[in-house]
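1. build me a structure from this.
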Amino acid sequence: MTRAFFEGLETRADAAKLAGLDHSYRFEIEGEGVWNVRIHGGKVVVTEGGQENGADATIRASREVFERIVSGEQNPATAYMTGKVKIDGDLGAVLKLQRLFG
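-> Below is the predicted model of the structure:
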């Protein structure tokens, strides 16, 4: 499910919801892999793997927690506050990710 989420993200993203966003994110999902997500000009570009890329924020979570967040079973803020999700970098940029999931 994690791989499918990232593979389909570029086509699912609503450009209207992304207007004005200009951020990059690195997702490190334990047991699944690493994905880099760049939002710019109303578009999303996803690349898999690679080294640290200077992302605005790095989000780390287990596969189970990430999949519960994506499915709507887990509130992302609660996951962060309880230590199930770790964030390095710009927390403000991470809060704007709600636009991708909304």
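2. list the contacts of the helix-or-strand element of the chain with minimal mean pLDDT.
-> When the helices and strands of the chain are compared on mean pLDDT, DSSP states H and E, helix 98-101 comes out lowest with a mean of 70. The contact list for helix 98-101 (Cβ atoms under 8 Å, 6 or more residues apart in numbering) reads Leu9, Ala13, Asp14, Lys17, Leu18, Leu21, Ile39, Val44, Ile69, Val70, Pro76. (Each C-beta comes from the backbone N, C-alpha and C, glycine too.)
3. out of those, which sit inside strands?
-> Ile39, Val44 (DSSP state E).
4. of the contacts of helix 98-101, buried ones?
-> By neighbour count, with 16 or more other Cβ atoms under 10 Å, the contacts of helix 98-101 hold Ala13, Leu18, Leu21, Ile39, Val44, Ile69, Val70, Pro76 as buried.
5. not counting its neighbours along the chain, what's nearest the second one?
-> If you skip the residues right next to it in sequence, Leu18 has Gly42 as its closest partner in space, 4.9 Å away by Cβ to Cβ, 6 or more residues apart in numbering.
6. now do the same end-to-end measure for stretch 24-36.
-> 7 Å (Cα to Cα, to the nearest Å).
7. begin at 36, not 1, for the rest of this chat.
-> Taking 36 as the first residue, the last one we looked at is stretch 59-71.
8. buried ones in that stretch?
-> Ser59, Tyr60, Arg61, Phe62, Glu63, Ile64, Glu67, Val69, Trp70, Asn71.
9. likewise stretch 86-99?
-> Those would be Ala90, Asp91, Ala92, Thr93, Ile94, Arg95, Ala96, for stretch 86-99 by 16+ other Cβ under 10 Å.
10. any residues touching it, and which ones?
-> 37, 58-67, 71, 104, 114, 119-126, 128-129.
11. residue nearest the centroid of the chain?
-> For the chain, Phe62 is the residue whose C-alpha lies nearest the centre (Cα atoms, centre = their mean; 5.7 Å).
12. list the beta-bridge partners for that one.
-> Counting by DSSP bridges, Phe62 is bridged to Trp70, Ile94.
13. wait, isn't it in contact with Thr82?
-> No - counting by Cβ atoms under 8 Å, Phe62 stays clear of Thr82, with 11.0 Å between them.
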